[in-house]
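K.L.:
Structure for the following, please:
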Amino acid sequence: MAPLLHKEVSMTTFPADDPDKVPFAGILPAAPQPYVLGNGEGEKSLVFDQLFEILLSGDETDDQYGAWTMKARQGDRIPAHIHLQTHEFFYVVDGEISVWMDDQADYHSKTTLTTGDFAYVPAGIVHAFKIENTTTVFGAGTAGFERFFHAIGEKTDAAEPQGVYVPDFGVMRAAGEKYATVFMPEFQFRD
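P.N.:
Below is the predicted model:
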C-alpha cells in the first residue's frame, strides 16, 4: 500500500463559537497569557475508556502546539489511524502503553513504553496504541489538534476515567475530517 499524501487542512485557532470549544469556555484563557491549572482542572473528555485532559491549546500558543494528558486503565487497542498534518508525541508519566507505528513503506514497529519512555509519531504515520495497565501519558501535538478529543468524546468533570463512551461512526468521521485524521480499522500492523 502506498503512503498517504499530506492533505492541506488548516489547523489554526478555531473561533470562540466552535462547538468543540464552547462547552469548555473559561477553563483555558484562550489567549497567550500566563496561567496555572491545578491537578484535574483542564478541559476533559472521555473517549472510549480514556480520559483526555487538555492543558494547553493553540489559542494559548499562537497556533504553535497543544498539550494534554490521557489517563486510562488496561484496555483494547484503539483503531489504527493516521493524522495527515499532526505531529504528536507520547511521554509515559506512569504505567505502560504499547504503540504501533507504520509508515506504509519501510518502518514498522510495536514498542511497549513504560514510565519515562517517549515515542514520536510524525504526521503521515499509521499508528495505534493499547493501554497495558493503568497509565498516564503526557502528549503534545500540532496546534488545533488537541480539541479532536472533544470532537469525538463526551465532556466530563471526572478526575479518573469512568465508564466507556463509544462515538458513533458519523461523529468519528466528522471529527476526522475536521482534524485531518483518517481512521483505518482494517489496517494490519506487522506485530
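K.L.:
Excluding chain neighbours, give the residue nearest to residue 166 in space.
P.N.:
residue 48 (6.3 Å; CB to CB, 6 or more residues apart in numbering). In short, each C-beta sits where N, CA and C put it, glycine included.
K.L.:
Identify the bridge partners of the one you found.
P.N.:
Listed beta-bridge partners, residue 48: residue 165 (assigned using DSSP bridges).
K.L.:
need the helix or strand of the protein with the lowest average pLDDT.
P.N.:
Sorting the helices and strands of the chain by mean pLDDT, DSSP states H and E puts helix 169-178 at the bottom, at a mean of 92.
K.L.:
Can I get it in PDB? Just the C-alpha atoms.
P.N.:
Taking Å, rounded to 0.1, in the frame of the first residue of the first chain, the C-alpha atoms of helix 169-178 are listed here in PDB:
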ATOM      1  CA  PHE A 169     -19.100   6.300  13.200                       C
ATOM      2  CA  GLY A 170     -20.700   9.600  11.900                       C
ATOM      3  CA  VAL A 171     -19.200  11.500  14.900                       C
ATOM      4  CA  MET A 172     -15.800   9.900  14.300                       C
ATOM      5  CA  ARG A 173     -15.900  10.600  10.600                       C
ATOM      6  CA  ALA A 174     -16.800  14.300  11.100                       C
ATOM      7  CA  ALA A 175     -14.100  14.700  13.700                       C
ATOM      8  CA  GLY A 176     -11.600  13.000  11.400                       C
ATOM      9  CA  GLU A 177     -12.500  15.400   8.600                       C
ATOM     10  CA  LYS A 178     -12.200  18.500  10.800                       C
END
